[in-house]
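Colleague: Task: produce atomic coordinates for the following.
(one chain, ligands or ions: 4)
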Amino acid sequence: MHQKILILDFGSQYTQLIARRVREANVYCELHPYDVTPAFIKDFAPQGIILSGGPASVIEKETPRAPQIVFELGIPVLGICYGMQTMAAQLGGRVENAVIREFGYAEIASTEHGVLLRDIVDHTDPDGRNILDVWMSHGDKVEALPPGFQVMAFNAAAPIAAMADKTRHFYGIQFHPEVTHTLQGRAIIARFVHEICNLGHDWNMPDYVEESIGRIRANVGNDQVILGLSGGVDSSVAAALIHRAIGDQLTCVFVDNGLLRAHEARQVMGTFANHLAVKVIHVDASRIFFDRLKGVADPEDKRRIIGREFVEIFQAESAKITDVRWLAQGTIYPDVIESAGGKTKKANTIKSHHNVGGLPETLHLKLLEPLRELFKDEVRELGLALGLPREMVFRHPFPGPGLGVRILGEVKYEYAELLRQADQIFIEELQHSGWYEKTSQAFAVFLPVKSVGVMGDGRTYDYVIALRAVETQDFMTANWAELPYSLLGKVSNRIINEIRGINRVVYDISGKPPATIEWE
Ligand SMILES: Nc1ncnc2c1ncn2[C@@H]1O[C@H](COP(=O)(O)OP(=O)(O)OP(=O)(O)O)[C@@H](O)[C@H]1O
Ligand SMILES: O=c1[nH]c(=O)c2[nH+]cn([C@@H]3O[C@H](COP(=O)(O)O)[C@@H](O)[C@H]3O)c2[nH]1
Ligand SMILES: NC(=O)CC[C@H](N)C(=O)O
Ligand SMILES: [Mg+2]
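Modeller: Ligands and ions are numbered 1, 2, ... in the order given. As a prediction, this is how the structure comes out:
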């Protein structure tokens, strides 16, 4: 049993980051909606609670409140932004519309009341006051302190920019410590969990590996498990972990759908089957995929067809193995959070992300998802701890539909071959120049349009390749990467010189939003 923090989510854009920061302080935490039941909170038995920010306004009626039990358990509570405002309102203070709203950088002076901000400082002002550079995003502010509280920090826009009741260990901060713009944010979160909640550093990878292996063994017993192995980070780490736990009871199914990157099949088989001695069934289904995709140009239709075909292959393969009771997946914590949000939010479907999650009932398999609690960088750390090669653990994510959504319109074998070569050149050059690690995701896109060129004094009429490279934390928003012109020039030269059929290369300079990372 780990010591743990409960984070109640009021709908902030940054709630996941709060969880990340707590984990980075080596403390286990979970994120749940603000309206969980009192019984849930009791059972969860947290050593501290964090209330997140949120878009609503405490001033309006019918807006979210923290379950009252949060303030009755005798444990520390930290309210961030909306979390602070609702704490103030619920405990007898007052919240008003702010005259001056703050969005972005702000300075606050701390009074050092309570332990949370004591000695945490960016600089001092001419009056000798401790100043923190913080990031704010609010239109409301706490106007009157609840009984028992004192001001912990202030500025002109928010005379109560932070407040504390040091007897009950209730803290409220108007700024966001979870975003990196708040320079001392990490230190503040660490202060809260270690010194105010008195939690140790009991969340670390080596312990996690052992615990997780124990849990997998206890769950699975003597059953057989199958896992769809893509060669991506998540399914690879899941495979390595489960294999460590149950060895030969695990069978991986790696589907070559003809839409993989260059040498992917060889690499995956090399690492897993040869190096780690994991049982991997290599299903060469490229012909089936190309057949099914013939004449289909609509991106959503393509995604659906590819997703359906994956499921059929899985079903066929699992039927060939006796005693399979479990389907293992590389589901990670952001997937869990996002699909929970997806049930309640009325979100627009931009793309239906392919996932083997939609397996038919007739498969009758239980789900084994050992990475459900982990963030991507924790998954990477786990991969390294399990001995997976760095190139595998740190590779960019690759979507399930693969090159199928990077060939615009109809997918043809000929296009896939051209794209594979271009993508390989781009990735090679990024790696040589040190830019692969500086970008979050990079790839080539095949445009099935022809343009005129001149090569060796002759006319060409060939296809176009677009290059895409982005920097992002969470893949929800992204900036295009400012790759050096010299690097782009070299990649362009190589693609046009080395690949017959391509005579023009362009670079995608669109952010997300308004564009998405993949072109389809
Ligand atoms: N070619 C494939 N063969 C078998 N299973 C696959 C294949 N492609 C995708 N999958 C399954 O679909 C799941 C979702 O793919 P996704 O790309 O989200 O994760 P990943 O490949 O494990 O990691 P990453 O996000 O780093 O690419 C994978 O975990 C895997 O189980
Ligand atoms: O497993 C996946 N199955 C999919 O169908 C899929 N579509 C997009 N992606 C990846 O998700 C991230 C965001 O992509 P978009 O900005 O294009 O939506 C990027 O990292 C994309 O590569 C997918 N991953
Ligand atoms: N970021 C937040 O939590 C904002 C809280 C509240 N909606 C405000 O504008 O003050
Ligand atoms: Mg993948």
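
Colleague: Find the closest residue to ligand 1 in this structure.
Modeller: Distances from the chain to ligand 1, computed as C-beta to the nearest ligand atom, single out residue 232 as the nearest residue at 2.1 Å. For the C-beta atoms, the positions are set from N, CA and C on the backbone; glycine is no exception.

Colleague: can you pull the contacts of that residue?
Modeller: Residues touching residue 232, when contacts are defined by C-beta atoms under 8 Å, 6 or more residues apart in numbering, comprise 330, 395, 397, 398.

Colleague: What does it show for phi and psi?
Modeller: Its backbone dihedrals place residue 232 at phi -70, psi 170, with angles given as degrees, to the nearest 10.

Colleague: which residues are there in this structure that come within reach of ligand 1?
Modeller: Proximity of the chain to ligand 1 is confined to 228-230, 232-235, 253-255, 257, 329-330, 355-356, 397-400 under the rule C-beta under 6 Å from any ligand atom.

Colleague: Repeat the analysis, applying 8 Å as the threshold.
Modeller: Of all the residues in the chain, those in contact range of ligand 1 (C-beta under 8 Å from any ligand atom) are 227-236, 238, 253-257, 260, 283, 310, 314, 329-331, 335, 353-356, 376, 395-400, 402.

Colleague: Can you turn the buried part of those residues into a PyMOL selection?
Modeller: Taking 16 or more other C-beta atoms under 10 Å as the burial criterion, the selection of buried members of the residues of the chain next to ligand 1 in PyMOL is written as:
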select buried, resi 227+228+229+230+231+232+233+234+235+236+238+253+254+255+256+257+260+283+310+314+329+330+331+335+354+355+356+376+395+396+398+399+400+402
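
Colleague: near ligand 4, which residues of this protein show up?
Modeller: Proximity of the chain to ligand 4 is assessed by C-beta under 5 Å from the ion, with 230, 232, 398 identified as the residues in range.

Colleague: Format the residues you listed as a markdown table; extra columns: pLDDT and distance to residue 53.
Modeller: As requested, the residues of the chain next to ligand 4 are arranged in a markdown table below (pLDDT from 0 to 100; distance: C-beta to C-beta, whole Å):
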| residue | pLDDT | distance to residue 53 |
| --- | --- | --- |
| 230 | 93 | 35 |
| 232 | 90 | 32 |
| 398 | 94 | 33 |
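
Colleague: Kindly provide the distance from the residue of the chain closest to ligand 1 to ligand 2.
Modeller: Distance check for residue 232 against ligand 2: by C-beta to the nearest ligand atom, to the nearest Å, it reads 7 Å.

Colleague: for the stretch 401-520 of the chain, what spans make up the helices?
Modeller: Chain-ordered helices for the stretch 401-520 of the chain, with DSSP state H, counting those that start in this stretch as the definition, fall at 413-433, 485-498.

Colleague: between these, which gets nearest to residue 200?
Modeller: Put simply, out of the helices of the stretch 401-520 of the chain the one that sits nearest residue 200 is helix 413-433, at 39.6 Å, with distance taken as C-beta to C-beta.

Colleague: So what angle separates the directions of that closest one and helix 485-498?
Modeller: Angle between the axes of helix 413-433 and helix 485-498 is 140 degrees (criterion: axes from the mean of the first three to the mean of the last three C-alpha atoms, to 10 degrees).

Colleague: which residues are contacting helix 413-433?
Modeller: Under the contact criterion C-beta under 8 Å, 6+ apart, helix 413-433 has outside partners 258-259, 261-263, 290, 403, 406-407, 436, 439, 442-446, 448, 463, 465, 467, 469, 484, 487, 490-491, 494-495, 498-499, 501-502, 505.

Colleague: Buried by neighbour count, from those: which ones?
Modeller: By neighbour count, with 16+ other C-beta under 10 Å, the contacts of helix 413-433 hold 258-259, 261-262, 290, 403, 406-407, 436, 439, 442-446, 463, 465, 467, 469, 487, 491, 494-495, 499, 502, 505 as buried.

Colleague: Relative to residue 107, how far out is the residue of the chain closest to ligand 1?
Modeller: 43 Å (C-beta to C-beta, to the nearest Å).

Colleague: Repeat that for residue 163.
Modeller: Between residue 163 and residue 107 the computed distance is 18 Å (C-beta to C-beta).

Colleague: thinking again about what came up before, adding secondary structure and distance to residue 51, write the contacts of residue 232 out as CSV.
Modeller: Conversion of those to CSV gives the following (DSSP: H, G, I helix; E, B strand; the rest coil; distance: C-beta to C-beta, whole Å):
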residue, secondary structure, distance to residue 51
330, coil, 31
395, coil, 37
397, coil, 32
398, coil, 37
